[in-house]
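>>> Pasted the sequence and its predicted model underneath.
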Amino acid sequence: MLVNQLKHNRRHAFLSIEMPKADSIACRLTVFRPHKPLLKPLPAHRYEFAQWKKATVSIDYHVEAEKNFYSAPCRLVKELVEVRLTASTVEIFHKDKLVASHPRLMGKGKFNTLPQHRPKEHQKYLEWTPSRIVRWAKESGPQTAAMVQAIMDNKPHPEQGYRACLGLIRLGDRYTKERLENACARALIFNAISYKSVRLILEKGLDRIPQEEAPALEPVRHHNLRGSQYYDEKGQPLC
């Protein structure tokens, strides 16, 4: 009963509100005219949904956003920044100031690097260099150094390989430097130039398998199998 009474009261209150007639333009103008000074013009651009995240600029002066990498000014290495992501752009802010803007990349593992963000020679903040990373890799052995060099050589800019190289060198702390050397040697033989390849070799223990040449296989002989002598020089059967 109480519910029905509330519904009745609500309906009565709604019907008692005086609304302007729908076919009367004058009435509608009368209702909305007092609000006109308060209205603002529509935005010049459509609203675009954006996501925000915090990130630290890595030693390769890039930040990671949705599995891709975007450059920031190299002076911001190790600094905390805010990243704004929309469907079409990625913007990087440092202390509420826009410091970089990129078109958003699709896929994974891609880099967008602006030339003006790259460090110049002899600048004080140029702490990491390709030669320094190679020297560090040599502490594990020559195969590790060769893999690190190959990873950087495969990138448009050596700095884009820094993350993978440092991650690869750290595998020596987890699996020992000796195993890392063996894994890099195996990956280089198969031209598997990547951090992921070396990590998988270590995870599966493939580095423990000796690198031996595959034994020569004897040809299978069967009366239904014909050798090359069955064909002439033009590939046509002789009979």
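Great, that's in hand.
>>> For the residue positioned nearest the centre of the chain, list each beta-bridge partner.
Taking CA atoms, centre = their mean as the criterion, residue 68 is the residue nearest the geometric centre of the chain, at 1.9 Å. Beta bridges link residue 68 to residue 65, judged by DSSP bridges.
>>> My read is that it contacts residue 103, right?
No: under the criterion of CB atoms under 8 Å, residue 68 makes no contact with residue 103, lying 10.9 Å away. C-beta: built from backbone N, CA, C; applies to glycine.
>>> Pull up the overlap in contacts between these two.
Contact criterion CB atoms under 8 Å, 6 or more residues apart in numbering; residues shared by residue 68 and residue 103: residue 112.
>>> For burial, what's the neighbour tally of residue 86?
Residues lying near residue 86 (other CB atoms under 10 Å) number 12.
>>> which residues does the residue nearest to the centre of the chain contact?
105, 107, 108, 109, 110, 111, 112.
>>> backbone phi and psi for the third one, please?
In this case it means residue 108. Backbone geometry at residue 108, expressed as degrees, to the nearest 10, gives phi -140, psi 150.
>>> Can you read off the pLDDT for it?
Listed pLDDT for residue 108 reads 88.
>>> For it, which non-adjacent residue is closest in space?
Computed as CB to CB, 6 or more residues apart in numbering, the closest residue to residue 108 that is not its neighbour in sequence is residue 67, at 4.1 Å.
>>> Residue 147 reaches residue 199, doesn't it?
No: counting by CB under 8 Å, residue 147 stays clear of residue 199, with 11.7 Å between them.
>>> If you count surrounding residues, which of these two has more?
A direct count of neighbours by other CB under 10 Å for residue 147 and residue 199 places residue 147 higher, at 30 against 17.
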